[in-house]
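Undergrad: Structure for the following, please:
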Amino acid sequence: MQDSLEKAWSDVVDTARRTVADGLVVGTSGNVSARVGDLVLVTPTGVPYDRLGPGDAVVVDLDGRQVSGELRPTSELPLHLAVYRGTPARAIVHTHAPHATAVSTLVDRLPNIHYMAAALGGQIHVAAYATYGTDRLAAAVLRALRDRSGCLMRNHGTLVYADTLAKAFDNTAQLEWMCRVWLLARSATDHAPHTLSGRELNRVAEKLRDYGQPGQPKP
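TA: As a prediction, this is how the structure comes out:
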């Protein structure tokens, strides 16, 4: 178990640093977590990710009790725990990605501008706004995640879960890219963007089952 926790913490820190490097968060905003058994490793609140080392692991149980580490967990801990309790998530990436956050202020659902929405379960929903760190926000996000593995959060950002942090990060980047594409298409004042039907997304979802090389993680 200790080896698994150490590997998970290393992945959490590496992923958190990638969110900064790729412009998905600024400063210490956003947060990352991974589940190992009934324990959750999560980024701490208010600490720059480049300062985190192997001895800074923050570990809580599914009830939010801290079982290891001296740093306080992220203020969004209730959100992460609610997703772990309510979905098959093993890893979560939450960001304040700029294009996705902009889209969250404009629509209730991201229009199906690209077929990669199928990789997250279908058309992306926007969770209703609630104050960060609250049970109300956690409940709103769970509603938006119904039959989905990712959502936008009104005036806030994104949340994506997966079975690995690598997949959660990749799908977060795809979601931000789709939001950017939709904003670019929407800015063309003479034309309304063409979008895909739910039926077409379902076709893509079937094709994605056989995507990539044998043994590779699916998108």
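Undergrad: use CA for all of it now, contacts and neighbours both
TA: Noted.
Undergrad: Would you check how far apart the residue with the largest distance to the centre of the chain and Cys179 are?
TA: Most distant from the centre of the chain: Asp190, at 33.6 Å, with distances by C-alpha atoms, centre = their mean. With distances taken as C-alpha to C-alpha, to the nearest Å, Asp190 is found 20 Å from Cys179.
Undergrad: again, but for Gly64
TA: To Cys179, Gly64 is 33 Å away according to C-alpha to C-alpha.
Undergrad: who's more crowded, those two?
TA: When Gly64 and Cys179 are compared for neighbours, Cys179 comes out ahead with 26 against 15, by other C-alpha atoms under 10 Å.
Undergrad: follow-up on the earlier one: how about the residue farthest from the centre of the chain, secondary structure?
TA: When states are read from DSSP: H, G, I helix; E, B strand; the rest coil, the local structure at Asp190 comes out as coil.
Undergrad: Could you list the low-pLDDT ranges of the protein?
TA: Regions of the chain meeting the criterion pLDDT under 70 cover residues 211-219.
Undergrad: Next, the distance between the ends of stretch 126-143.
TA: End-to-end span of stretch 126-143 (C-alpha to C-alpha): 9 Å.
Undergrad: So which bits of it are buried?
TA: Of the residues in stretch 126-143, those scored as buried under the neighbour-count criterion (16 or more other C-alpha atoms under 10 Å) are 126-130, 135, 137-143.
Undergrad: wait, which of these is closest to Cys151?
TA: Taking C-alpha to C-alpha as the measure, Val126 is the one of those closest to Cys151, at 5.9 Å.
Undergrad: ranges for the strands of this structure?
TA: 31-36, 39-42, 59-61, 66-68, 91-95, 126-127, 150-153, 157-162 (DSSP state E).
Undergrad: Adding distance to Leu175 as columns, could you present those in JSON lines?
TA: Compiled in JSON lines, those are given as follows (distance: least, C-alpha to C-alpha, whole Å):
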{"stretch": "strand 31-36", "distance to Leu175": "16"}
{"stretch": "strand 39-42", "distance to Leu175": "22"}
{"stretch": "strand 59-61", "distance to Leu175": "28"}
{"stretch": "strand 66-68", "distance to Leu175": "31"}
{"stretch": "strand 91-95", "distance to Leu175": "11"}
{"stretch": "strand 126-127", "distance to Leu175": "12"}
{"stretch": "strand 150-153", "distance to Leu175": "8"}
{"stretch": "strand 157-162", "distance to Leu175": "8"}
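Undergrad: and the ones you listed, which is most packed in?
TA: Relative to the other members of these, strand 150-153 carries the highest mean neighbour count by mean count of other C-alpha atoms under 10 Å, namely a mean of 31.
Undergrad: Please save the CA atoms from that strand in CSV.
TA: These are the backbone C-alpha positions of strand 150-153, laid out as CSV (Å, rounded to 0.1, in the frame of the first residue of the first chain):
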residue,chain,number,x,y,z
GLY,A,150,-16.4,15.6,-17.4
CYS,A,151,-18.3,18.9,-17.0
LEU,A,152,-18.0,22.6,-17.0
MET,A,153,-18.6,24.5,-13.8
